[in-house]
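**Q** Just the structure for this:
(one chain, ligands or ions: 2)
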Amino acid sequence: MIVELPALESKDFLSILDLGSEALEQALALAAVFKTERLKGRPHAHVLEGQHVALLFEKPSLRTHAAFTMAVRELGGDVIEPSSDVAFGGRESASDVARNLERWVPIVVVRTFAQARLERFAAASARMRIINALTDEEHPCQALADMLALIERWGSVKGRTIAFVGDGNNVAASLAQASVMLGMHVRLATPEGFELNAGLAASVRDVARFGATFTEGHDPVAAVQDVNAVYTDAWASMGQEDDAERRAGIFQPFQVNAALMARAAPEALFLHCLPAHRGHEVTDEVIDSPTSIVFDQSENRLHTQKALLAMMSSR
Ligand code: CP
Ligand code: NVA
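**A** Ligands and ions are numbered 1, 2, ... in the order given. Next up is the predicted model:
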């Protein structure tokens with residue numbers, strides 16, 4: 001396969017903000033090429049030939065883990081998977097773990113809790129490149145796949161409007177950043193006390209282009225009025241399981257059901273990063289409806305993460 005691979009300037013991909021607008025567009029374009037070529041059964045760019053990528057997952061994962069494993073292998077490399085108790089369990093410091101890994105691998109994919117912990121890990125090595133596979137605050141790999149799924153449907157997201165209804169969490173943060181960078185308006189509706197943290201909300205406004213707006217509120221009906229897409233995610237994220245019952249009561253008015261979707265524009269798309277908690281944040285009739293693109297989002301995790309790895313391998 002002959003394709004020009006753009007390089008990613010930033011050492012790490014800890015946030016959508018690390019990409020910049022041009023690199024974000026390049027990553028999505030490259031992912032679309034990888035997707036087309038894979039469907040045609042054509043060989044991929046073997047940019048990871050003879051190399052390993054480390055996967056360090058401190059929380060469960062189906063999509064992110066499987067997609068990274070396949071992406072690395074389809075780019076000619078292989079993965080190593082030190083267990084999370086070895087990597088993060090206090091057996092040795094995280095920075096010493098990083099300084100070992102940098103002797104073996106060019107890239108580490110990390111799913112952990114605090115973003116600050118990920119940043120410390122990334123700072124411990126000047127040469128090893130770190131990818132955020134989800135933290136409590138951000139989920140940038142998810143946003144790449146989401147943008148590709150929307151672009152596939154619409155051609156461009158510029159000038160469209162997406163509503164995120166539910167918890168102002170990691171998925172909401174990265175989605176909002178990527179959306180406004182590409183010129184899509186974002187409306188966030190959360191219960192009071194579950195807003196995006198102030199720093200992340202400010203970051204979204206800082207990176208908006210093409211007149212994209214970011215509005216926050218507490219009324220799900222107002223947020224979805226005439227929008228082109230509605231997104232939701234779990235009411236209790238990984239690490240918040242003990243609070244799930246309390247949250248279920250608070251978040252019930254934010255459930256995405258047929259009545260809420262009826263307020264959106266005709267043919268409005270439904271998105272969810274998955275795993276879904278059917279009957280909680282979304283009903284079966286919405287997630288299984290013809291305008292639901294949740295499995296396109298899931299499929300695109302492979303193509304977008306492959307593009308990201310290729311761009312990080314070609315510096
Ligand atoms: N959407 C997502 O990141 O799924 P996993 O937690 O299964 O990786
Ligand atoms: N907000 C969810 C996303 C899961 C992919 C979580 O952090 O658990």
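
**Q** so residue 34 touches residue 308, yeah?
**A** No - using C-beta atoms under 8 Å as the test, residue 34 is too far from residue 308 to be in contact (10.5 Å). In this view, the C-beta of every residue, glycine as well, is placed from N, C-alpha and C.

**Q** Run through the neighbouring helices and strands of the helix or strand hosting residue 37.
**A** If you go by DSSP states H and E, residue 37 is part of helix 20-39. Judged by 3 or more C-beta pairs under 8 Å, 6 or more residues apart in numbering; DSSP states H and E, helix 20-39 is in contact with helix 140-154, helix 170-181, helix 294-313.

**Q** Tell me which strands the next helix or strand after it pairs with, and in which orientation.
**A** For helix 20-39, the following helix or strand on the C-terminal side (DSSP H and E) is strand 52-57. Paired strands of strand 52-57, with direction, are strand 78-80 (parallel), strand 107-111 (parallel) (DSSP bridges).

**Q** CA-only coordinates of strand 52-57, as CSV, when you get a sec.
**A** Extracted C-alpha coordinates of strand 52-57, given in CSV (Å, rounded to 0.1, in the frame of the first residue of the first chain):
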residue,chain,number,x,y,z
HIS,A,52,6.5,-4.0,19.8
VAL,A,53,4.0,-1.7,21.3
ALA,A,54,3.2,-2.0,25.1
LEU,A,55,-0.4,-2.0,26.2
LEU,A,56,-0.9,-1.1,29.9
PHE,A,57,-4.5,-1.3,30.9
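
**Q** mind listing what's buried in that strand?
**A** For strand 52-57, the neighbour count (16 or more other C-beta atoms under 10 Å) marks 52-57 as buried.

**Q** Let me see the contact set for residue 67.
**A** Counting by C-beta atoms under 8 Å, 6 or more residues apart in numbering, residue 67 makes contact with 301-302, 305.

**Q** Recalculate using a threshold of 10 Å.
**A** By C-beta atoms under 10 Å, 6 or more residues apart in numbering, the contact set of residue 67 is 61, 133, 141, 145, 298-306.

**Q** surely residue 226 meets residue 263?
**A** Yes - between residue 226 and residue 263 there is a contact under C-beta atoms under 10 Å: 7.7 Å.

**Q** Identify the contacts common to those two.
**A** residue 163.

**Q** In the helix or strand of the chain with the lowest mean pLDDT, which residues are buried?
**A** For the chain, scoring each helix and strand by mean pLDDT, DSSP states H and E identifies helix 84-88 as the least confident one, at a mean of 89. Across helix 84-88, burial judged by 16+ other C-beta under 10 Å covers 87-88.

**Q** Using CSV, write out every CA atom in the helix or strand that comes right after that helix.
**A** Next helix or strand after helix 84-88 toward the C-terminus (DSSP H and E): helix 94-101. C-alpha atoms of helix 94-101 as CSV (Å, rounded to 0.1, in the frame of the first residue of the first chain):
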residue,chain,number,x,y,z
ALA,A,94,5.7,4.3,37.3
SER,A,95,8.6,6.4,36.1
ASP,A,96,10.9,3.4,36.5
VAL,A,97,8.4,1.3,34.6
ALA,A,98,8.6,3.8,31.8
ARG,A,99,12.4,3.9,31.8
ASN,A,100,12.4,0.1,31.4
LEU,A,101,9.8,0.1,28.6
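
**Q** what's helix 94-101 packed up against?
**A** strand 52-57, helix 84-88, strand 107-111, helix 115-123 (3 or more C-beta pairs under 10 Å, 6 or more residues apart in numbering; DSSP states H and E).

**Q** For residue 206, the count of nearby residues, please.
**A** Residue 206: 10 surrounding residues under other C-beta atoms under 10 Å.

**Q** scratch that, residue 104 is what I was asking about
**A** So residue 104, with other C-beta under 10 Å, has 12 neighbours.

**Q** Let me know the secondary structure of it.
**A** coil (DSSP: H, G, I helix; E, B strand; the rest coil).

**Q** ok, the residue nearest to it when sequence neighbours are not counted - contacts?
**A** Closest residue to residue 104 apart from its sequence neighbours, by C-beta to C-beta, 6 or more residues apart in numbering: residue 52 at 6.5 Å. Residues counted as contacts of residue 52 (C-beta under 10 Å, 6+ apart) are 72, 77-80, 101, 104-107.

**Q** can you check residue 259 too?
**A** Here residue 259 is in contact with 221, 283, 286 (criterion: C-beta under 10 Å, 6+ apart).

**Q** so does stretch 278-293 get close to ligand 2?
**A** No - with C-beta under 6 Å from any ligand atom as the criterion, ligand 2 is not reached by stretch 278-293; the gap is at least 10.2 Å.

**Q** can that stretch be found next to ligand 1?
**A** No - using C-beta under 6 Å from any ligand atom, stretch 278-293 never reaches ligand 1; the gap is at least 13.5 Å.

**Q** Flag every residue of the stretch 151-300 of the chain that's near ligand 1.
**A** When proximity is defined by C-beta under 6 Å from any ligand atom, the stretch 151-300 of the chain lies next to ligand 1 at 273-274.
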